[in-house]
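**Student:** Coordinates for the following, if possible.
(chains A and B)
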Amino acid sequence: GQQVMQIPQYQHVQEGEDFTTYCNSSTTLSNIQWYKQRPGGHPVFLIQLVKSGEVKKQKRLTFQFGEAKKNSSLHITATQTTDVGTYFCAGPSGGSYIPTFGRGTSLIVHP
Amino acid sequence: NAGVTQTPKFQVLKTGQSMTLQCAQDMNHNSMYWYRQDPGMGLRLIYYSASEGTTDKGEVPNGYNVSRLNKREFSLRLESAAPSQTSVYFCASWGLAGGLNGELFFGEGSRLTVL
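**Tutor:** The predicted structure follows:
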């Protein structure tokens, strides 16, 4: 079945440094979604990318969808302590619309 | 709007005991899901219900049963709990949030410990 791989598993940064997490799928995705989960909280939808090569920005967050629609990345510029949490990518498996989640990247920001 | 509501938030069970996790959404969504989250494993789909009256297995269904009671409610039952079912369980519903594509709306989670 479809696999969604996400790296790194953990990332420690000093506040103000940049952060990137990468997501790779074993199959072509019709779309990819990103979610954020704060420590002790529940996943919250951030964004969805649909088009090949698409780039979307939300303030300091930049999301990219690869040309082949098999990979994606989330880049945070100048991290803040409020960015702490686990970031998940999710893509629909096969012909289904049901998202398969990557294992997530936990971001730890040191003040 | 409460969104997705799960109960209980915490539960401790002994091996072999049974329990039901309740989930309700007030967003009139058709699809509902149960995920479990274990450290380093991400979110794994247990069961889902594409619409009222239908349920299907996800990635890790063994040891669980579900009931889609009506459009609002989707419950998850552990008939004979095992320590391997110690996890955080999330219920979610799928719907549109003003855009063209859907997203998952999650409940706050139910932390289950099986001794």
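**Student:** State the next helix or strand along the chain beyond the helix or strand containing A:Thr86.
**Tutor:** Applying DSSP states H and E as the criterion places A:Thr86 in strand A:85-92. Note on strand A:85-92: by DSSP H and E, the next helix or strand toward the C-terminus is strand A:99-101.
**Student:** What strands line up against that next one, and which way round?
**Tutor:** strand A:85-92 (antiparallel) (DSSP bridges).
**Student:** quick one, what contacts the residue lying closest to B:Leu104 once chain neighbours are set aside?
**Tutor:** Of all residues not flanking B:Leu104 in the chain, B:Ala92 sits nearest, at 4.5 Å (Cβ to Cβ, 6 or more residues apart in numbering or on different chains). (Each C-beta comes from the backbone N, C-alpha and C, glycine too.) By Cβ atoms under 8 Å, 6 or more residues apart in numbering or on different chains, B:Ala92 lies in contact with B:Val4, B:Met32, B:Tyr33, B:Trp34, B:Tyr35, B:Leu104, B:Phe105, B:Phe106, B:Gly107.
**Student:** which residues of chain B fall in helices?
**Tutor:** Ranges of helices in chain B, per DSSP state H: none exist.
**Student:** Quick check: residues of it near chain A?
**Tutor:** Taking Cβ under 8 Å from any Cβ of the partner chain, the part of chain B that reaches chain A is made up of B:33, B:35, B:40-45, B:48, B:58-59, B:90, B:94, B:97, B:99, B:101-109.
**Student:** If any of these are buried, put those into a ChimeraX selection.
**Tutor:** The ChimeraX selection below is limited to those of those classed as buried (16 or more other Cβ atoms under 10 Å in any protein chain shown):
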select /B:33,35,42,43,44,45,48,58,59,90,94,102,103,104,105,106,107,108,109
